[in-house]
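Novice: what follows is a predicted structure for the sequence shown.
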Amino acid sequence: MPSLPPPSRLRVRSVPVDVTGDLLTRVPDEVDPREVVTWLREGDGMVGWGRAAVVRTTGSRRFADAEDWWDRLRALAEVEDEVRVAGSGLVAFGSFAYAADSCDTSVLTVPRVVIGRRDGQAWVTHVVLDEEPWPAAHPARMLARSNPRLQELDPVVESEGTVPADRWPQVVARAIDRIGSGAVDKVVLARDVTVRHRDGGIVRVAPVLERLQRRYAATWTFAVDGLLGATPEMLVRLQGGRVRSRVLAGTIRRGAHSIPDAPQGDGSTAHPVDPRLRLVSSVKDLEEHAYAVRSVADALDPHCSDLQVPAAPYVLELPDVYHLATDLTGQMRSGATSLRLAAALHPSAAVCGTPTHVADGVIAELEGMDRGRYAGPVGWVDGDGDGDWGIALRCGELAADRRSMRIFAGGGIVAASDPHAELAETEVKLTAMRHALGLATR
Ligand SMILES: C=C(O[C@H]1C=CC=C(C(=O)O)[C@@H]1O)C(=O)O
């Protein structure tokens, strides 16, 4: 059950403002980092802080309880919205545990302040409870603030995760055996690594988010209740009745050129093969991708009319990797909120496998860890039900004492997977958080 009932009366006011530059610099330094929320891409999006209302849920009803709470909250809220874009007015940010039996709690939180910007239009939203007065500083003083950029990083050190890196290929090999036995077609296995402050201090969130946003501008830089990352994968976006999903599965490292081993019969010199070409012609990656697309298409089908599923993927280019990507689109017909859609889509075969329930069992058995909120939906929902929900990838979860963080990476395993290549893939995916924490040199 929700740990906090919604307040009797939430008053919300959104007004247009003039905000240029980096939205992250508007977040006050003194804010508790677990109360900072962000959803940013290419400089646009939202940042927020404070807690006007929050619900924490667990178990197999973690989505349903959060949805019920949200429905009650939005029915009670009094909203004055002069902006009327997706995300203005009442908005909640959320992050959900991957597994029903996770020890981690899922959260949906309504910040006290949100600053948003979309297509050149910026706004600020304030939320007050009951008879509380509107903040006096609204909005001029707050918007004049600009904290220094790229603050110095905290000194952090890395230690082994649940499964040490050198044992990871054995874990992958067991999954390949399981696939060989016919029990399951695809399994996504993930590992964690622990990073802690070298001097036992608190790991600060702001510099980590700044670095993620700067290097991974084309991904969604998120922060919700201490879960931080830059995900390239959009589980579902609902905006004005349009539904979109970006499915990723199939990966190759950037710069992974190789010389073709077949002799060049015409006597010409062998050239390195562009990794993008290798990726789009890799039977193994195409298979991995097809399972993920199918799972999303099947889950969206009951909710959408005119669902468009491209026949072949394209290559998404990120700073460290290339991914096979497919963008699905549809027209909402079921009336579900974006949060309900995210719940229906989770877990897709980009983070679980095929068939879902068998893959989930193999994951629980072989990974030996609680994924927490890694690989769960992360994003926001507004009062109309519109919103963005990504899959929490390329991310880390701050410990309750804020002195350490678990960072995560996984990869899809199919029959043709190579255990050592899978270890290398998790290493390259860990680069995003290592870079943000100052652990990667690139
Ligand atoms: C599970 C992860 O990536 C997923 C998303 C893109 C590509 C993937 C892959 O090629 O295996 C994974 O399905 C991760 O980054 O931890």
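Specialist: Arrived safely, thanks for sending.
Novice: next helix or strand past the helix or strand residue 176 falls within?
Specialist: Using DSSP states H and E, residue 176 sits in helix 168-180. Next helix or strand after helix 168-180 toward the C-terminus (DSSP H and E): strand 186-197.
Novice: compute the number of surrounding residues for the residue in the stretch 1-150 of the chain that the ligand sits nearest to.
Specialist: Across the stretch 1-150 of the chain, the shortest distance to the ligand (Cβ to the nearest ligand atom) belongs to residue 98, at 10.6 Å. Yep, even glycine has a C-beta here, placed from its N, CA and C like the rest. Residue 98 has 25 neighbours, counted by other Cβ atoms under 10 Å.
Novice: and the pLDDT for it?
Specialist: What the model reports as pLDDT for residue 98 is 98.
Novice: return the residues in contact with the closest residue to it other than its chain neighbours.
Specialist: In space, and not counting its chain neighbours, residue 98 is closest to residue 371: 4.0 Å by Cβ to Cβ, 6 or more residues apart in numbering. The contact partners of residue 371, taken as Cβ atoms under 8 Å, 6 or more residues apart in numbering, are 97, 98, 99, 102, 190, 408.
Novice: wait, the third one sits on residue 370?
Specialist: Spelled out, it's residue 99. Yes - contact between residue 99 and residue 370 holds when scored by Cβ atoms under 8 Å: they sit 7.3 Å apart.
Novice: residue 124 sits in which helix or strand?
Specialist: Using DSSP H and E, residue 124 falls in strand 121-129.
Novice: repeat for residue 209
Specialist: Residue 209 belongs to helix 205-215, assigned by DSSP H and E.
Novice: near the ligand, which residues of this protein?
Specialist: 188, 190, 233, 248-251, 323, 350-351, 393-394, 409-412, 429 (Cβ under 6 Å from any ligand atom).
Novice: make a ChimeraX selection of whichever of those turn out to be buried.
Specialist: Selection of buried members from the residues of the chain next to the ligand for ChimeraX, criterion 16 or more other Cβ atoms under 10 Å:
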select :188,190,233,248,249,250,251,323,350,351,393,394,409,410,411,412,429
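Novice: among the residues of the chain next to the ligand, name the ones in helices.
Specialist: Counted as lying in helices by DSSP state H, out of these, are residue 429.
Novice: so residue 12: helix, strand or coil?
Specialist: Following DSSP: H, G, I helix; E, B strand; the rest coil, the label given to residue 12 is strand.
Novice: check contacts around it.
Specialist: Counting by Cβ under 8 Å, 6+ apart, residue 12 has contacts 77, 78, 79, 80, 81, 89, 90, 125, 126, 127, 383.
Novice: just confirm the second one contacts residue 10, I think it does.
Specialist: Yes - Residue 78 is within contact range of residue 10, at 7.2 Å (criterion: Cβ under 8 Å).
Novice: higher neighbour count, the two?
Specialist: Set side by side, residue 78 and residue 10 show more neighbours around residue 10, with 20 against 11, by other Cβ under 10 Å.
Novice: contacting residues for the residue lying closest to the more buried one once chain neighbours are set aside?
Specialist: Excluding its sequence neighbours, the residue lying closest to residue 10 (Cβ to Cβ, 6+ apart) is residue 77, at 4.5 Å. Contacts for residue 77 (Cβ under 8 Å, 6+ apart) come out as 10, 11, 12, 90, 383.
Novice: confirm residue 358 sits in a helix?
Specialist: Yes - the assignment for residue 358 (three-state DSSP) places it in a helix.
Novice: so how many other residues sit close to it?
Specialist: 17.
Novice: any idea how far the ligand is from it?
Specialist: 17 Å (Cβ to the nearest ligand atom, to the nearest Å).
Novice: for that residue, report the pLDDT, please.
Specialist: The model's pLDDT for residue 358 equals 98.
Novice: isn't it up against residue 184?
Specialist: Yes - at 4.5 Å, residue 358 counts as touching residue 184 under the criterion of Cβ under 8 Å.
Novice: quick check: next helix or strand after the lowest-mean-pLDDT helix or strand in the chain?
Specialist: The weakest-scoring helix or strand in the chain, judged by mean pLDDT, DSSP states H and E, is helix 140-144 (a mean of 56). In the C-terminal direction, the helix or strand that comes right after helix 140-144 (DSSP H and E) is strand 156-159.
Novice: for that next one, packing partners?
Specialist: strand 186-197 (3 or more Cβ pairs under 8 Å, 6 or more residues apart in numbering; DSSP states H and E).
Novice: got the CA coordinates for the strand it packs on in CSV?
Specialist: Extracted in CSV, the C-alpha atoms of strand 186-197 (Å, rounded to 0.1, in the frame of the first residue of the first chain):
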residue,chain,number,x,y,z
LYS,A,186,17.1,-14.8,-25.2
VAL,A,187,18.2,-13.7,-21.7
VAL,A,188,19.5,-10.3,-20.7
LEU,A,189,22.1,-10.6,-18.0
ALA,A,190,23.5,-7.7,-16.0
ARG,A,191,26.3,-7.1,-13.5
ASP,A,192,27.0,-4.4,-11.0
VAL,A,193,30.1,-2.6,-9.8
THR,A,194,30.4,-0.6,-6.6
VAL,A,195,31.9,2.9,-6.5
ARG,A,196,32.5,4.7,-3.3
HIS,A,197,33.9,8.0,-2.1
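Novice: now do it: distance to the chain's middle.
Specialist: Counting by Cα atoms, centre = their mean, to the nearest Å, strand 186-197 is centred 15 Å from the centre of its parent chain.
Novice: and the angle from that strand to helix 168-180?
Specialist: With axes from the mean of the first three to the mean of the last three Cα atoms, to 10 degrees applied, the angle from strand 186-197 to helix 168-180 works out at 160 degrees.
Novice: strands paired with strand 186-197, and their directions?
Specialist: Neighbouring strands of strand 186-197 in its sheet, by DSSP bridges, are strand 156-159 (antiparallel), strand 353-354 (antiparallel), strand 404-413 (antiparallel).
Novice: pick the most buried one from those.
Specialist: Most buried of those, by mean neighbour count (mean count of other Cβ atoms under 10 Å): strand 353-354, with a mean of 26.
Novice: ok, and what's touching that strand?
Specialist: 184-188, 291, 294-295, 359-360, 362-363, 412-413.
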